[in-house]
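> Can you look at this prediction? I've put the sequence above it.
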Amino acid sequence: MRIALYPNIERDPGFVVTRRLISCIIQEGATAVIENDIAPELLSDGLVRDSYDTCDLLICLAETELFSPRRTMKAPSISL
């Protein structure tokens, strides 16, 4: 399973939560995916840079009333 992540750059300084989530995804045998143009400063072992269109699920850590990447994705999504 390929799981797209949309990190919250403002609320997750240093991407501590995002890195923990990436680690959990990989430990469960799935692939963590972030698009190339999103948080290029985020580097993590096992993280794949690819299109969200290739993913089975989106986990959004940055959704707000004004912004929702879920609107453009066909895959199921979870907002945290």
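Looks like it came in fine. Numbers count the residues shown, from 1 in each chain.
> how much space between the residue lying closest to Ile9 once chain neighbours are set aside and Val17?
Closest residue to Ile9 in three dimensions, ignoring its sequence neighbours and counting by CB to CB, 6 or more residues apart in numbering: Ala39, at 5.9 Å. C-beta coordinates here come from the backbone N, C-alpha and C atoms, glycine included. Distance, Ala39 to Val17, using CB to CB, to the nearest Å: 12 Å.
> So for the most centrally placed residue in the chain, what's the pLDDT?
In the chain, the C-alpha nearest the mean C-alpha coordinate belongs to Leu5, at 0.8 Å (CA atoms, centre = their mean). At Leu5, the pLDDT value in this model is 92.
> Report the beta-bridge partners for it.
Ile59 (DSSP bridges).
> where exactly do the strands run in the protein?
2-6, 31-34, 48-49, 57-60, 77-79 (DSSP state E).
> Generate JSON lines for those, with distance to Ile22 as supplementary columns.
Formatted as JSON lines, these follow (distance: least, CB to CB, whole Å):
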{"stretch": "strand 2-6", "distance to Ile22": "7"}
{"stretch": "strand 31-34", "distance to Ile22": "4"}
{"stretch": "strand 48-49", "distance to Ile22": "10"}
{"stretch": "strand 57-60", "distance to Ile22": "10"}
{"stretch": "strand 77-79", "distance to Ile22": "15"}
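> Please identify the most buried of those strands.
Mean neighbour count (mean count of other CB atoms under 10 Å) peaks for strand 2-6 among the strands of the chain, with a mean of 23.
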